[in-house]
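> need a structure here:
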Amino acid sequence: MSYPQQGQGQQYQQQQAYQGGHAPAHQPQQAPVAVGAGAQMKRRNPVGAWLGLPIITFGIYGLVWFFKVHTELHEYDRRVGDAAVNALLSLLFGSITLGIWPLVMWVKLGGRIAQAQRAAGLPASCSGGIGFLLGIFGFGVLYYQLQLNKVIDRYGDTPTGQQVSLVA
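Predicted coordinates:
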């Protein structure tokens, strides 16, 4: 057995480890580590939020839903800016911009939901583009609420407002 020359110590030790006939042991994958915490969102019936309550309230619940979803997304993940007031104002005064401002907020909501899915450790399956297209045909709230419920279901029976861990 020869000794390493000066400056070759670490490389020599690595060679010796592999010459012994054993490869380095594989490390088992660990569960995702929490990087933050947020408040659990409220689980809503997608059909009720999409069709039932807006019909009963003559469309007012649609405004309430849009505001509450933005508020809950901010409380769930504080890294996402609080856009609840901006979202509500876009719906109320969107006609000033010929409907462009509400459409932008609608597409951005898809991105916020996708970010919440990543923060929950889920693959981001929500798309602002799909939400926009489905919104044209009247199914946007249904789509977005189904995507939000994936995040909520990730934490099981955790009560609304309870602290939950974020993994991404």
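
> list the helices and strands the helix or strand residue 101 falls within packs on?
Using DSSP states H and E, residue 101 falls within helix 100-119. For helix 100-119, the packing partners by 3 or more CB pairs under 8 Å, 6 or more residues apart in numbering; DSSP states H and E come out as helix 60-76, helix 84-93, helix 128-136, helix 140-154. C-beta: built from backbone N, CA, C; applies to glycine.

> between that helix and helix 140-154, what angle do the directions make?
Angle, helix 100-119 to helix 140-154, by axes from the mean of the first three to the mean of the last three CA atoms, to 10 degrees: 20 degrees.

> what about dumping the CA coordinates of helix 100-119 to CSV?
In CSV, the C-alpha atoms belonging to helix 100-119 read as follows (Å, rounded to 0.1, in the frame of the first residue of the first chain):
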residue,chain,number,x,y,z
ILE,A,100,-58.9,43.9,-19.4
TRP,A,101,-58.2,44.4,-15.7
PRO,A,102,-60.6,41.7,-14.5
LEU,A,103,-59.2,39.3,-17.1
VAL,A,104,-55.7,39.9,-15.9
MET,A,105,-56.8,39.3,-12.3
TRP,A,106,-58.6,36.1,-13.4
VAL,A,107,-55.5,34.7,-15.1
LYS,A,108,-53.3,35.7,-12.1
LEU,A,109,-55.6,33.8,-9.8
GLY,A,110,-54.6,30.6,-11.6
GLY,A,111,-51.0,31.4,-10.9
ARG,A,112,-51.7,32.0,-7.3
ILE,A,113,-53.5,28.7,-7.0
ALA,A,114,-50.6,26.9,-8.7
GLN,A,115,-48.2,28.5,-6.2
ALA,A,116,-50.4,27.3,-3.3
GLN,A,117,-50.3,23.8,-4.8
ARG,A,118,-46.5,23.9,-4.9
ALA,A,119,-46.4,25.2,-1.4
